[in-house]
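K.L.:
the sequence and its predicted three-dimensional model are supplied below.
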Amino acid sequence: NTFRWGYLPFVPYMADSLFHTLSKLGKNMNKALLSKLQFFAKSMLFAATFVLPFAAMMIAIGSVGMNESLLGGVPVVGVLFSFIGKYMNMAGWVVLGNLPFFFALCVAAALTKEKQAGAIVIAGLFFLTFHKILGELSLVYFSQFKGFADIKVATDLLSPEKNPEYYNLFESVFGIVTMRVGVIGAIIVGALAAQLWEKYKTFDRLPIWLDFFNGQRFTVLMTFFYALLLALVILFVWPLIGIGLEHIARAVEHSGSFVAPFFKTFLEVGLRTIGMHHITNYVFEYTPVGGTLYSTLQQVNLIGIAQVCPARLDEIVNLVNQGQQAMAMDVFNKPNMCNIFYAQDITGLFALPGAAIGMFFAIPKEKRTKKVKALYISTTAAVIFTGFAEPLEFMFVLVSPILYVVHVLLLSTFAMIPDLLSSIMGEPVFTWKMFGLVNVVASGILQVGVVLGRWWELALWFAVGFCITGIYAAVFRYFVVKFDITVFGRE
């Protein structure tokens, strides 16, 4: 007893040491988890930026080209312009209408070392196998276990009459009737494809007479089992997830104006420094929370603002090109959440250039060297042209949390401008996606301006944007000077 009680004075020191050890371990685990989440978020960024900008640009330019009246007065050229525009538009829709498939391929590529081609092939095979198995399992489950006796073949799952409660959970993907898992399912498929490729590409445990199927070919066999297991899980889990997303979508829809744009922007900009904003953006951009649209021209269902907003503009422009003004106005006036993109659009075009101006003029004149000017001008030009915020944001986020908090609050507030102006003017405004200078020309000037004739809206959009630039410049210069913040050039 004396021996054991003799350690009592050391208990506080032991407890303190254990606490610090556990804290250090917890921090290391948090760093490891954060690193993995950041890597996964970057894979989704790769998927979103690899094919989606191409699709949006081709659809936008193609829709303008399909308007023969633009160059109709020039012999031959007008017809040729319209002909090329038609097929550019179709090329864009190949991507936009099949976005989940491309997401699966891109996520698998991004999650493997050096973006290996084998993982991409496995992702494509996984995607098709998974959807085929899921469709067949759904047919058995809903017809025999859920009691829908009218469901005889897979296409009956799409029928409101034969599958009244769950028909909206199904769609046709490459002619395969399957559950509408969209980009969520595609991301899961891409991640699992990358994982099984990395795990089994060097597999060599089959006997000598089956040696041909060792290595990379073994991943093809494992793809079937992975697809089967995922299909079984999705079969029972997805109806619950689908219902949950619908409830969230309704809550957002009925939350009133201003709320959704503010909080979406607040989370996006606030999490951008740790690379986690792609995960929160995804909820609005690729799920029913961001709205849905059935394109009557392309005969395809679209989910989330990343798909809905380019398709909505294309639908309106094509209906105007065909002389169906009334139908175009019906599409224009349908409730949508495309104004949520406004904050993204103005970030690179107006807000951050204003921040750069403010930081530059906060530098003493004698320190505004050619090197400093070149850095600010080139970085600002890159942000304006591409629309991506990171090059300018990281000029101040790493040196001043104060400036970043100001940036988050300002941009979240400005995100509500479309709702404010729409309530004043009595019609939707700023509901077009114009991310970066290229999209301003393709979607804004050529489509909204030339085809739709809404020059007044474009003029208002630019006027408000330049006001935001001025506010950012004044606020950033004030904070840099007031708190003596060491931005580039003030070292």
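P.N.:
Done, it's in.
K.L.:
surely residue 485 meets residue 404?
P.N.:
No - the criterion here is C-beta atoms under 8 Å, and residue 485 misses it with residue 404 at 11.0 Å. Glycine gets a C-beta too; all of them are placed from N, C-alpha and C.
K.L.:
between these two, what contacts are shared?
P.N.:
Residues within reach of residue 485 and of residue 404 at once, by C-beta atoms under 8 Å, 6 or more residues apart in numbering, are residue 396.
K.L.:
now the helix or strand where residue 314 lies, how far from the centre of its chain.
P.N.:
Secondary structure from DSSP states H and E places residue 314 in helix 305-321. The chain centroid and the centroid of helix 305-321 are separated by 18 Å under C-alpha atoms, centre = their mean, to the nearest Å.
K.L.:
number the residues from 52 up from this point.
P.N.:
I'll keep to 52 as the first residue from here, and by that count the last item is helix 356-372.
K.L.:
number of residues surrounding the nearest residue to residue 370 once chain neighbours are set aside?
P.N.:
Nearest residue to residue 370, sequence neighbours excluded (C-beta to C-beta, 6 or more residues apart in numbering): residue 379, at 3.9 Å. Per other C-beta atoms under 10 Å, the neighbour tally for residue 379 reads 19.
K.L.:
name the residues that touch stretch 204-223?
P.N.:
Counting by C-beta under 8 Å, 6+ apart, 186-187, 189-190, 193-194, 197, 199, 201-202, 228-231, 289-290, 293, 352 sit against stretch 204-223.
K.L.:
now with 7 Å?
P.N.:
By C-beta atoms under 7 Å, 6 or more residues apart in numbering, the residues outside stretch 204-223 that reach it are 186, 189-190, 193, 199, 201-202, 228-231, 290, 293, 352.
K.L.:
who does residue 228 bridge with?
P.N.:
With DSSP bridges as the criterion, residue 228 is bridged to residue 223.
K.L.:
residue 370 versus residue 137, what's the distance?
P.N.:
Per C-beta to C-beta, to the nearest Å, residue 137 is found 15 Å from residue 370.
K.L.:
likewise residue 138?
P.N.:
Distance of residue 138 to residue 370, given as C-beta to C-beta: 19 Å.
K.L.:
before we move on, back to that, so how far is the helix or strand just after the helix holding residue 365 off the chain centroid?
P.N.:
Following helix 356-372 in sequence order, the next helix or strand is helix 376-384 (DSSP H and E). Taking C-alpha atoms, centre = their mean, one finds helix 376-384 lying 26 Å from the centre of the chain it belongs to.
K.L.:
what's helix 376-384 packed up against?
P.N.:
helix 356-372 (3 or more C-beta pairs under 7 Å, 6 or more residues apart in numbering; DSSP states H and E).
K.L.:
quick revisit: neighbour-wise, which of residue 138 and residue 370 wins?
P.N.:
The neighbour count for residue 138 versus residue 370, taken as other C-beta under 10 Å, is higher for residue 370 (20 against 13).
K.L.:
OK, contacts around that one?
P.N.:
Contacts for residue 370 were tallied using C-beta under 7 Å, 6+ apart; they are 378-379, 382.
K.L.:
can you list those in JSON lines and add pLDDT and distance to residue 406?
P.N.:
Output for the contacts of residue 370, formatted as JSON lines (pLDDT from 0 to 100; distance: C-beta to C-beta, whole Å):
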{"residue": "378", "pLDDT": "87", "distance to residue 406": "42"}
{"residue": "379", "pLDDT": "87", "distance to residue 406": "38"}
{"residue": "382", "pLDDT": "86", "distance to residue 406": "36"}
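K.L.:
these into CSV, with extra columns for distance to residue 152?
P.N.:
Formatted as CSV, the contacts of residue 370 follow (distance: C-beta to C-beta, whole Å):
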residue, distance to residue 152
378, 30
379, 30
382, 26
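K.L.:
point out where the stretch 102-251 of the chain drops to low pLDDT.
P.N.:
Scanning the stretch 102-251 of the chain for pLDDT under 70 picks out 103-104, 107, 111, 114-130, 166.
K.L.:
how about the strands in it?
P.N.:
Counting by DSSP state E, counting those that start in this stretch, the stretch 102-251 of the chain has strands at residues 221-224, 227-230.
K.L.:
can you lay out those strands as TSV showing mean neighbour count?
P.N.:
Formatted as TSV, the strands of the stretch 102-251 of the chain follow (neighbours: other C-beta atoms under 10 Å):
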stretch	mean neighbour count
strand 221-224	21
strand 227-230	22
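K.L.:
of those, which is nearest residue 471?
P.N.:
Proximity to residue 471 (C-beta to C-beta) singles out strand 221-224 among those, at 36.3 Å.
K.L.:
who are the contact partners of residue 173?
P.N.:
Under the criterion of C-beta under 7 Å, 6+ apart, the neighbours of residue 173 are 159, 244, 247-248, 270, 274.
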